[in-house]
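A.B. asks: got a sequence here, can you build the structure:
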Amino acid sequence: MKKKLPFIFAISCSAVFLCICGFLAFQYRNLDRRFQKLEAEAFHLQEDKAELNEELEDSAARLEDREKYIAGQKDYISELSEQIQDFDEDETEDSEHTDRTGKDGIYAGSNTGNDPYPDLYADKDNLPVQTGQKYVYLTFDDGPSSLTPKVLDLLDEYDAHATFFVVGKNNEEYAEYLSEIVERGHTLALHSYSHNYNQIYRSVDAFLADYEKVYDWVYEETGYSPCLFRFPGGSTNGSSYVVRNIIREMERRGFTFYDWNVSSGDGSNLTTSQNIIDNICSTVGYVDNPVVLMHDGRGKDATLAALPTVLKTLSEKGYDFRSLDQNSEPVQYRKSEP
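C.D. replies: Numbers count the residues shown, from 1 in each chain. Take a look at the predicted model:
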């Protein structure tokens with residue numbers, strides 16, 4: 001019996017050892033499964049975190065875009081308010097001037113036969129004649145610039161015609177685009193040489209001197225004689241007394257000026273491409289003879305970005321895109337007579 005005790009003890013120890021090993025193996029498998037589960041949960045949490053961060057970034061970007069959009073619309077409303085105020089001041093100034101003088105001022109050169117600008121006369125035979133029912137006039141101010149050929153390419157995609165009111169000063173390096181505007185079937189018009197309000201609205205003579213420079217520049221570059229023009233800032237800029245005399249003298253020379261009745265609002269650097277799209281597409285249908293103000297001058301990337309959507313949206317609504325021509329009814333804030 002004594003001889004069997006060591007053997008029994010060894011067997012018992014082996015059994016205990018095997019039980020402990022089995023228990024540890026079981027625990028290890030449980031821990032391994034729990035670790036794998038935790039690892040999977042951690043992976044999913046990382047994915048959720050990445051998605052939340054992406055949503056947060058998207059929300060922040062949308063909020064920033066919305067803030068820019070609101071700022072652009074505020075600036076657009078401010079622009080419209082200034083136009084309304086200009087109309088009110090215009091009527092007051094006309095009344096005061098009539099009370100003081102009892103007559104309108106006349107540019108001296110128109111009656112003396114001594115015209116210092118003998119070549120500044122319009123030839124309206126250069127304008128095309130277009131037909132159609134539902135139409136819109138897209139107009140671009142302050143070019144040409146590096147954006148102009150891109151605008152022309154987009155217009156070509158929709159067989160769209162437009163009118164370009166050009167400025168000479170600081171744009172001479174882009175003079176080659178003047179001929180391209182004409183060759184692609186658009187109307188080339190004048191917007192002043194200097195775009196300097198204080199200079200050109202000082203007097204009729206100051207205005208004519210400035211416009212002769214841009215007229216000569218366009219003619220020398222293209223052989224084309226423009227007969228349409230737009231006042232920098234619109235015809236409500238400057239003294240109504242001076243501007244009415246400018247209108248009278250320019251009309252005597254055969255020129256016609258155009259303001260606008262749909263503003264894209266892109267004159268402000270705060271304006272986003274979505275502002276421009278909304279301002280144009282939501283307004284065109286509510287006015288007769290829609291003349292849209294846009295810009296293709298330097299830095300107007302928001303306008304370029306908005307243009308494809310504007311063209312697509314209005315085209316789908318059945319609009320033809322025309323350039324201003326002999327049949328176009330002028331949109332004018334001021335007339336030569338009060």
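A.B. asks: measure the spatially most central residue of the chain to Ser263 for me?
C.D. replies: With distances taken as CA atoms, centre = their mean, Thr303 lies nearest the centre of the chain, 2.8 Å away. For Thr303, the distance to Ser263 equals 12 Å [CB to CB, to the nearest Å]. From N, CA and C alone the C-beta is placed, and that goes for glycine too.
A.B. asks: low-confidence ranges in the stretch 1-150 of the chain?
C.D. replies: 1-7, 9-10, 55, 58-69, 71-113, 124-132 (pLDDT under 70).
A.B. asks: now the strands for it?
C.D. replies: Using DSSP state E, counting those that start in this stretch, the strands found in the stretch 1-150 of the chain span residues 135-143.
A.B. asks: got it, and the stretch 151-300 of the chain?
C.D. replies: 163-166, 187-190, 228-229, 256-257, 262-263, 291-295.
A.B. asks: out of those, which is closest to Ile20?
C.D. replies: Ranking those by proximity to Ile20 (CB to CB) places strand 291-295 first, at 85.2 Å.
A.B. asks: what strands flank the closest one, and is each parallel or antiparallel?
C.D. replies: Strand 291-295 has its sheet partners listed here by DSSP bridges as strand 135-143 (parallel), strand 262-263 (parallel).
A.B. asks: just these: most buried one?
C.D. replies: The highest average neighbour count among the strands paired with strand 291-295, using mean count of other CB atoms under 10 Å, belongs to strand 135-143 at a mean of 25.
A.B. asks: quick one on the thing from earlier: tell me which of the strands of the stretch 151-300 of the chain is the most buried.
C.D. replies: With a mean of 28, the top stretch among the strands of the stretch 151-300 of the chain by mean neighbour count (mean count of other CB under 10 Å) is strand 163-166.
A.B. asks: quick one on the thing from earlier: the residue nearest to the centre of the chain falls within a strand, correct?
C.D. replies: No. Assignment of Thr303 by DSSP: H, G, I helix; E, B strand; the rest coil gives helix, placing it outside any strand.
A.B. asks: report the separation between Ser146 and Pro116.
C.D. replies: According to CB to CB, Ser146 and Pro116 sit 35 Å apart.
A.B. asks: next: Leu178.
C.D. replies: 25 Å.
A.B. asks: for those two, indicate the residue with more neighbours.
C.D. replies: Using other CB atoms under 10 Å, the more surrounded residue of Leu178 and Pro116 is Leu178, with 25 against 10.
A.B. asks: quick one: residues contacting that one.
C.D. replies: Counting by CB atoms under 8 Å, 6 or more residues apart in numbering, Leu178 touches 144, 166, 188, 218, 221-222, 224.
A.B. asks: go again using 7 Å as the cut-off
C.D. replies: Going by CB atoms under 7 Å, 6 or more residues apart in numbering, Leu178 touches 144, 166, 188, 218, 221-222.
A.B. asks: and which of those residues is nearest Leu314?
C.D. replies: Leu188 (22.5 Å).
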